[in-house]
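A.B. asks: Model the following, please.
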Amino acid sequence: MRLGEVERLRGEVAEFVADVFASLPRRDQRRWGGCYLRGLMLDGRRKSVQPMAERLPDGNMQALQQFVNQSPWDPLPVRRRIAERLCEAIRPEVWVIDDVSFPKCGTRSVGVARQYCGALGKRANCQVAVSVHAATDTASCPLDWQLYLPREWTDDAARCRRAGVPADVGHQEKWRLALGLLDALADWNLIPPMVVADAGYGASTPFRLALEERGLSYVVALTGKEVAHPEAVEPHRPAYGGLGPPTLPRYRTPPRALPDLAADVPASDFREVTWREGSKGPMTSRFAALRVRPAGRQALRAAQEAGGGHYQWDGVLPVRTVLVEWPAGETAPTVYWISNLPPDTPVEDVVRWAKMRWRIEHDYRELKHGLGLDHFEGRTWRGWHHHVTLVTAAQAFLTLRRLDPKAPTPA
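C.D. replies: Numbers count the residues shown, from 1 in each chain. Next up, the predicted model:
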């Protein structure tokens, strides 16, 4: 937005800040929070502290630097209030789990390492964060974030100490960070109506099992390399010889790859589904739902571990639904999802929820290109989480305005 527009919104920004930053104990902290938000929303190529301070009439580089990097305010109550307001306003159909990368130079920024960088499409020096977003087809907003720390960081206590990483923070896989975010949101009395995620999370059997243990429904993508048994296949139970515990049933046929199972589905079983209206017309493709028993080492291990902890596993793999997309003109299916929804869930609904991940690309585009999510130049754990919280607040403010029919749309 131009400076005149931002200045006209100062009153609304102040009301928003008074609400979501109410946990900040000092008035000057809330004042600089509002100033930082206006700087993020103001037009400008870079959204780091110095250029924002120079563009704002009341900007003060030293004060803003201190507020975002050194001030000890807790970002979690701020994110909680944002999440509460946005879930109430958006009324999300799904929560989307995703991760985002920030290319970085040097080695001192917290969490930076040579790893896969989605922003560049290759391995590169970057930071990676896991996020949870509330979404419908018309609105979305991040609810919570966590920075991913590679092992090269957590194995170096001195390096973590210099970056201000809390002593109790260790290395966790991204899917475990995602579960931690869901648990934190549950502590805030926010429960997802449906969990959606890409194959980086969906291909993890322990992740899916953990969602089920939490009583959560999901539609998550797979890589297409997974294996499964058809629903009708039942394991063989060897005769009990009377010595020792009985042998668990065993599947006599090897599991098959999902593309092989999909190839057995008659073409007539693939239905054309339109899931939303795109910029170039209706988004349409062909889909079929398969009932299968996911197999493989991870699936067996997860079932056995669950059996040891909660119930006596009977050796029979559970049935799940796999959604298959086979676009017209393609020689084979292209995308797979797995879900624990009831088998009578309409395919149209499953498709719409699975495809709702597209909204998160909209989020990242606005957060990065419009609000400077990846422009933070600090190096500390505290500074990074402060900046991400402030960017989330700025996007939440704009989202609430877009949802308000009486509010004029900013340029």
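A.B. asks: C-alpha only now, for contacts and for neighbours.
C.D. replies: Will do.
A.B. asks: the bottom helix or strand of the protein by mean pLDDT?
C.D. replies: Least confident helix or strand of the chain, by mean pLDDT, DSSP states H and E, is helix 297-309 with a mean of 61.
A.B. asks: right, and the helix or strand after it?
C.D. replies: strand 320-325 (DSSP states H and E).
A.B. asks: name the helices or strands packed onto that next one?
C.D. replies: strand 281-294, strand 335-339 (3 or more C-alpha pairs under 8 Å, 6 or more residues apart in numbering; DSSP states H and E).
A.B. asks: what angle do that strand and strand 281-294 make?
C.D. replies: 140 degrees (axes from the mean of the first three to the mean of the last three C-alpha atoms, to 10 degrees).
A.B. asks: average pLDDT across strand 320-325?
C.D. replies: Averaged across strand 320-325, the pLDDT comes to 97.
A.B. asks: Can you list the strands that that strand pairs with?
C.D. replies: strand 281-294 (antiparallel), strand 335-339 (antiparallel) (DSSP bridges).
A.B. asks: what residues does it touch?
C.D. replies: Contact with strand 320-325 is made by 262, 285-294, 333-341, 343, 350-351, as judged by C-alpha atoms under 8 Å, 6 or more residues apart in numbering.
A.B. asks: Low-confidence stretches in this structure?
C.D. replies: By pLDDT under 70, the low-scoring segments of the chain are 239-248, 300-315, 405-411.
A.B. asks: secondary structure class for the spatially most central residue of it?
C.D. replies: Most central in the chain under C-alpha atoms, centre = their mean is residue 97, positioned 1.9 Å from the mean C-alpha point. On the three-state scheme (DSSP: H, G, I helix; E, B strand; the rest coil), residue 97 is labelled strand.
A.B. asks: doesn't residue 130 make contact with it?
C.D. replies: Yes: here residue 97 reaches residue 130: they are 7.4 Å apart, a contact under C-alpha atoms under 8 Å.
A.B. asks: Now list whatever residues contact both of those two.
C.D. replies: residue 178.
A.B. asks: re earlier: any idea how far the residue nearest to the centre of the chain is from residue 178?
C.D. replies: Note on residue 97: its distance to residue 178, by C-alpha to C-alpha, to the nearest Å, is 7 Å.
A.B. asks: Now list whatever residues contact both of those two.
C.D. replies: Applying C-alpha under 8 Å, 6+ apart, one finds that residue 97 and residue 178 are jointly contacted by 130, 131, 132.
A.B. asks: helices or strands up against whichever strand or helix holds the second one?
C.D. replies: It refers to residue 131. Assigned by DSSP H and E, residue 131 belongs to strand 122-135. Judged by 3+ C-alpha pairs under 8 Å, 6+ apart, the packing partners of strand 122-135 are helix 75-90, strand 94-103, strand 113-117, strand 140-147, helix 174-187, helix 358-365.
A.B. asks: possible to save those as a markdown table with distance to residue 398?
C.D. replies: Shown next, in a markdown table, are those (distance: least, C-alpha to C-alpha, whole Å):
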| stretch | distance to residue 398 |
| --- | --- |
| helix 75-90 | 11 |
| strand 94-103 | 19 |
| strand 113-117 | 28 |
| strand 140-147 | 10 |
| helix 174-187 | 22 |
| helix 358-365 | 12 |
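A.B. asks: nearest to residue 318, of those?
C.D. replies: helix 174-187 (21.6 Å; C-alpha to C-alpha).
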